[in-house]
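S.K.: Dropping a prediction and its sequence here:
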Amino acid sequence: MANKIGTKEKPTVLKTPPLSSEFTMHTDEKDGKEVLVCTVGKTVLLYDQKCIADLHTMLKKHGDWMELSSADEQKPAKEGTVEAWGRSPKNPVGGWYGLKKGLRGRFGMYVPPLMEYLGLAEVTHDAKGNKMRAK
């Protein structure tokens, strides 16, 4: 990996794919599980840290650009997108990588910039319809 994920004391500062908003990401442990802690303003989202390796593997197999999309947990994800994969019963964890009930969505908004920062993926930065692919 090109960079390391930040800590609680010194989180990594990232921008959403359209480069319109900042958020932070750091690693932590919760209930014996390695998690990514994503802080957007006062909202804290948690993702299973396995999502990094699993998403990278899936993108490598996919072999091309994949649309990100992004949706709250309560809304359906657009089929064939990173967001849909992040909640699919067919992914390696058999469902949601988001761990905080009610706030498990937005996978396609916050995980791809981290993957780009880590040097594992390329992400487009258009106003809408962003995509990613594995490096």
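M.R.: Structure's in. What do you need?

S.K.: Residue 43 against residue 103, yeah?
M.R.: Yes - at 7.0 Å, residue 43 counts as touching residue 103 under the criterion of C-beta atoms under 8 Å. Using the backbone N, CA and C atoms, a C-beta is placed for each residue, glycine as well.

S.K.: and those two? which has more neighbours close in?
M.R.: Remark: of residue 43 and residue 103, residue 103 carries more neighbours, 16 against 11, as counted by other C-beta atoms under 10 Å.

S.K.: so who does that one touch?
M.R.: Going by C-beta atoms under 8 Å, 6 or more residues apart in numbering, residue 103 touches 43-46, 73.

S.K.: doesn't it fall inside a strand?
M.R.: No - going by DSSP: H, G, I helix; E, B strand; the rest coil, the assignment for residue 103 is coil, not a strand.

S.K.: any chance you could map the helices in this structure?
M.R.: Along the chain, the stretches classed as helices by DSSP state H are 50-62, 82-85, 107-117.

S.K.: To residue 30, which of the ones you listed lies closest?
M.R.: Between residue 30 and these, the shortest gap by C-beta to C-beta is with helix 50-62, which sits at 13.2 Å.

S.K.: by contact count, what packs against the closest one?
M.R.: For helix 50-62, the packing partners by 3 or more C-beta pairs under 8 Å, 6 or more residues apart in numbering; DSSP states H and E come out as strand 33-40, helix 82-85, helix 107-117, strand 121-123, strand 131-134.

S.K.: Quick check: which of these is nearest to residue 18?
M.R.: Short answer: helix 107-117, nearest of the helices and strands packed on helix 50-62 by C-beta to C-beta, at 9.3 Å.

S.K.: Could you give the separation of the closest one from the chain centroid?
M.R.: Relative to the centre of its chain, helix 107-117 is centred 4 Å away, using C-alpha atoms, centre = their mean, to the nearest Å.
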